[in-house]
Every structure is written in C-alpha cells, then in structure tokens.
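>>> sequence unavailable; structure follows:
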C-alpha cells in the first residue's frame, strides 16, 4: 500500500511539473515574441538601453517581494495548513499577508517614484543627457506596475498551494500581450523615445491585467479569506520570520543583477540592451525546467509528514529525481547556446533594426551565460529544498558568496580584461555573463555540500552527467556540420532545419543509452515505443 501511495504521489507531482512547465513555456514564448517586436523597433539603440535599464529598477520590488520570496516563505506555511485541513487559519494567513503586502508595496512605490533620479544614477551611472532623462521618465511610469506584480505573486502562491499551477504561470502572458499591442499599435507612428514611454504604460496595463485574471480563481479557492493587519495569527508570524532572510537573499542576488547593469552601462551603447536580449534566452530553460520542477516540488517537500529521518528520506528522493529531470533538458540547452547560439538569436530577434551584427554580439554574451546555466537551474532546486526544510538562512549566506564573487570577477572580466587582450570594449559584456556563470557553480557546490551533510548524499550521478553531455556534444557536432553545409538562408528556416534534428539526435542517443527521462518522453510521444527500462 505504501508503494502504491508513493507511485501515485510521484505521478501526481510529475504532472504538476508538466503543468508548471507548460504555463512557463507559454509565458516565455509570449516574452520572446515581445522581445522580437521590441528588437525590431529598437535594436541595440540608446532608447533600448534606457528601457532595459529602467524596467530593472521597479522590478526590484517584484523580485524582493514577489514570486520567489513568497514561494519560499508563504507556501510552506500555507500548504502545511491546507494539509492539516485548517482552512480557517489558512484564510487568515493569506488575508493578513495580502494586506501587509498591499500597504508595504504602496509605500515603496511612492518612495521609488520620488527617488527615481537617485536610483538611476546608482544603477546606470554611465547614462547621460537625454538617455538618462528618458530612463528616469520610464522608471516613474513602471513603478506602479511592479507593485501590482507583487500582488500577482501573492495570487501565484495561493494557486500553487492548491496545485493550480497552469493558471498561475500562464498569467504573465497577458502582461506580454499588452506590451506587444503597445509596440504594434504605435511602433510605426512614433520615434524611439516616445515609443519607449508608450511601451512603459503598456507594461503597467499588463500588470493590472495579470492580477485581474488570477483573482477570481483565488477568491474561489480561499473560501475563508480574511483581510486584516493581525500579527497574532501564528502562521503570519512564521511567514514574516521566514520572509526576511529570503527577501535579503533575493536582494543580494538582485544586487548582482544591478551590478551587471551598472558595469554594462559603462560600456559602449548597446551593451545593456544586448545583455537583456541574451538574458531573455538564458532564462528560458532556467525558468522552463528549473522553475517548473522547483515550483512543483516545494509544496510536496513542505507537506512531508513524519519524524526527521522520514522527512529527510522523502526530501532526498524527490530532490534526486528533480535534479535528473532538470539536467536532462538543461544540458542540451547549454550546448545549443554555445554552438548554435547565433542560429537561435537570429531566428528570434533578427528583424528591422536588429541586424546580423547584433546577432553575433548577443551570441557572445549568451555563450558566456551558458557556462553557469546548469549550476543555476540545479541550484534553484537545492534552494527550494532548504526552504521546504524551513531553512531560509543557508541559501542567503551562499547567495552573498555568489554576489561577491560575481562582482569581483565581473569587474575584472568586463572592464579590465578587454583592454589587456586588445579587443573592443563592448565585448566586456560577454565576460560579465561568464563571470556570473562561474559564481553560480560556486554557489551550487556550497548548497549541495551543506545539504548532503544534513540529509545524506544527493546530486546528479557522474555517469548520468557524462551520458548527457556526450549526447549533447554529438548532437551539436551534427548540427554544426549541417549549419556549414546549409549556407545562408532565412534565419527561421535555418533554425527549423538545424534545431529539430539537434533535439532528436540528443533524445535518440539518450534513449539508446537507457536514460529514464528519455524513455519517459518517448513513451508520452510514441506510446508504442516500448516500456521504460528499469
């Protein structure tokens, strides 16, 4: 009976990960369309730099108080109450947290609008004249939208706890659609600077729509929702106590992101925009595979019942399974960014003001990011495991190590290294992305080492890693040969001809070598392919 329950549970959470992944995929595809339209009208211009820098500043609120922080601090408490059938306290905790967030975010939005010039000078000191003034105007428009996205993240936490994953992760589609409509509606009639302001207003409208599409489902699920400022509810105190270190940890990581923008702003025009284009592609597998598994596993790990040994065994089993699932998809993604990055970038972005010259530039940055892609995705699952174990401090400490190392390496590789090598200063941004990847590997190693001492051995077996990387290298070599033979054609046609066989070759090799994740995929797509090997 216990075995049957375990299999059922694993199957259920596997479906949850698929739902999260499907939702994220739709959202990220909408984001890619948005960025393609953006690149068509802005390219790597000064206005593009201004908008990409501006949107990061108010997004600090979303990143500090939004999805990641609320998931780590709120979901373990709320999901635990649901597991114990305590709907009354669950509604009180959810309502009190929403009230606290609304009050706190309103104050921070007001302060952000008032202090915008100071924030812009801190984040992008290399911006001057009209470029700086445009950035200030854009930040002031965008700040209220970021506040709405924090409340949207509260909805996501509720929906995830009730295993309504798909709706939670498809909601950002409407945010992207609002921006796409703004660009298409005014892109042919306005200059770049006025268009950037229209786009900022479109982002605010999209934030409101993203919140609006989630609220009805939340209100149906939380039947005893009670909005209040009561701190006496035990669950509220726990959420706030967990919230602080996680928020600081996210703040530390955001500091790293702002350091990237700061350093990029000191490089020639186009560096900030190019970094953002590369990061959009980089975060696709990070979110699609790392976030989907982590988001599905956090409620399951947090709901584990039993003594310390039983909880540790449960967490260990789920963690190892999640690591294999993530690595199976992220390894070929990293290899594709390294070898076929120009094909991917051209298919997504090359249009209008975004030329082949820009493709090569962004490829260099994306290749640097690929260095730490696997470490970042696996590290996300390790961090979620700590949160499920009610430990929010350990990820904070290691995030601080990550930021310190990334800052030191980033300054050296972005600012100091290009002159020493005698290359164009604009290529320093590729060193910036590579330095973040190196720091991600250090953080991942620390997270794994400490957790292994706590719950026992975890991690991706060496034999599995070698099989995955070997299959990815063989598939990439075949795709590269095809690329050289194909010659110049339309970017989307080239991507279709090369990327599909690349994926099929990788999957065929891993299936032949008995990788369970490959068999699971094949059995879903081709039910007659055979049974999964044991």
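Looks like it came in fine. The shown structure was predicted, so the numbers you read here are calculated from the model rather than taken from an experiment. Numbers count the residues shown, from 1 in each chain.
>>> could you measure from residue 60 over to residue 191?
29 Å (C-beta to C-beta, to the nearest Å). The way it works is simple: take the backbone N, C-alpha and C, and place the C-beta from them, glycine included.
>>> more neighbours, those two?
More crowded of residue 60 and residue 191, by other C-beta atoms under 10 Å: residue 60, with 22 against 8.
>>> okay, that one: pLDDT?
On pLDDT, residue 60 comes in at 73.
>>> element containing it?
Using DSSP states H and E, the element containing residue 60 is helix 59-65.
>>> same question, residue 273
Using DSSP H and E, residue 273 falls in helix 271-285.
>>> please apply the same query to residue 145.
helix 129-161.
>>> off-centre distance for that helix?
16 Å (C-alpha atoms, centre = their mean, to the nearest Å).
>>> flag every buried residue along it.
For helix 129-161, the neighbour count (16 or more other C-beta atoms under 10 Å) marks 131-132, 134-161 as buried.
>>> and residue 482, that one's in a helix?
Yes: counting by DSSP: H, G, I helix; E, B strand; the rest coil, residue 482 is located in a helix.
>>> number of residues surrounding it?
15.
>>> is it true that residue 354 touches residue 40?
Yes: between residue 354 and residue 40 there is a contact at 6.6 Å, judged by C-beta atoms under 8 Å.
>>> which one of the two is surrounded by more residues?
More crowded of residue 354 and residue 40, by other C-beta under 10 Å: residue 354, with 27 against 17.
>>> for that one, which non-adjacent residue is spatially closest?
Closest residue to residue 354 apart from its sequence neighbours, by C-beta to C-beta, 6 or more residues apart in numbering: residue 39 at 4.0 Å.
>>> name the next helix or strand downstream of the host helix or strand of the one you found, please.
Taking DSSP H and E as the definition, residue 39 sits inside helix 2-42. Proceeding N to C from helix 2-42, the next assigned helix or strand is helix 46-56, under DSSP H and E.
>>> so what does that next one touch, helix or strand wise?
With contacts taken as 3 or more C-beta pairs under 8 Å, 6 or more residues apart in numbering; DSSP states H and E, helix 46-56 sits against helix 2-42, helix 116-123, helix 129-161, helix 192-221, helix 234-265, helix 271-285.
>>> could you check the angle helix 129-161 makes with that helix?
Between helix 46-56 and helix 129-161, the angle comes out at 40 degrees (axes from the mean of the first three to the mean of the last three C-alpha atoms, to 10 degrees).
>>> run the angle between helix 46-56 and helix 116-123 for me.
Following the same axes, to 10 degrees, one obtains 100 degrees for the angle between helix 46-56 and helix 116-123.
>>> list the buried residues in helix 46-56.
Per 16+ other C-beta under 10 Å, helix 46-56 contains these buried residues: 46-56.
>>> and of those, the nearest to residue 485?
Residue 485 has its nearest neighbour among the buried residues of helix 46-56 in residue 48, at 34.7 Å by C-beta to C-beta.
>>> that closest one: what's it in contact with?
38-39, 42, 192, 270, 272-273 (C-beta atoms under 8 Å, 6 or more residues apart in numbering).
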